[in-house]
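In: sequence plus predicted model, see below.
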Amino acid sequence: MKRILSLALLAPSGAFAAAFERPVPQPQTETAEFWFLAASIALIASLCLVQYLVSRR
């Protein structure tokens, strides 16, 4: 009976989750800033083109 009790108390100890560690944000690189700028310009250009095409109709 003591073995069963000690096994029941020790068995779930490995099932506990590890403490949550907050992720550290990475710094933004110049390459990422360039691609964000390029995507922003492309988005604005496409919105202007859609506005032009819709207003012609």
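Out: Structure's in. What do you need?

In: Three-state assignment for Q28, please.
Out: What DSSP: H, G, I helix; E, B strand; the rest coil gives for Q28 is coil.

In: how much space between it and L47?
Out: Q28 sits 24 Å away from L47 when distances are taken as C-beta to C-beta, to the nearest Å. Where C-beta positions appear, they are placed from N, C-alpha and C, glycine not excepted.

In: kindly report the same for F36.
Out: Taken as C-beta to C-beta, the span from F36 to L47 is 16 Å.

In: and if you look at E21?
Out: Plainly put, E21 is 41 Å away from L47 if you go by C-beta to C-beta.

In: swap in F20?
Out: For F20 relative to L47 (C-beta to C-beta), the value is 41 Å.

In: neighbour count for these two, which is higher?
Out: When F20 and L47 are compared for neighbours, L47 comes out ahead with 10 against 6, by other C-beta atoms under 10 Å.

In: off-centre distance for the host helix or strand of the more buried one?
Out: L47 is part of helix 30-56, with elements assigned from DSSP states H and E. Helix 30-56 has its C-alpha centroid displaced from the chain centroid by 24 Å (C-alpha atoms, centre = their mean, to the nearest Å).

In: run the chain-centre distance for stretch 45-57.
Out: 33 Å.

In: same deal with stretch 23-32?
Out: Relative to the centre of its chain, stretch 23-32 is centred 13 Å away, using C-alpha atoms, centre = their mean.
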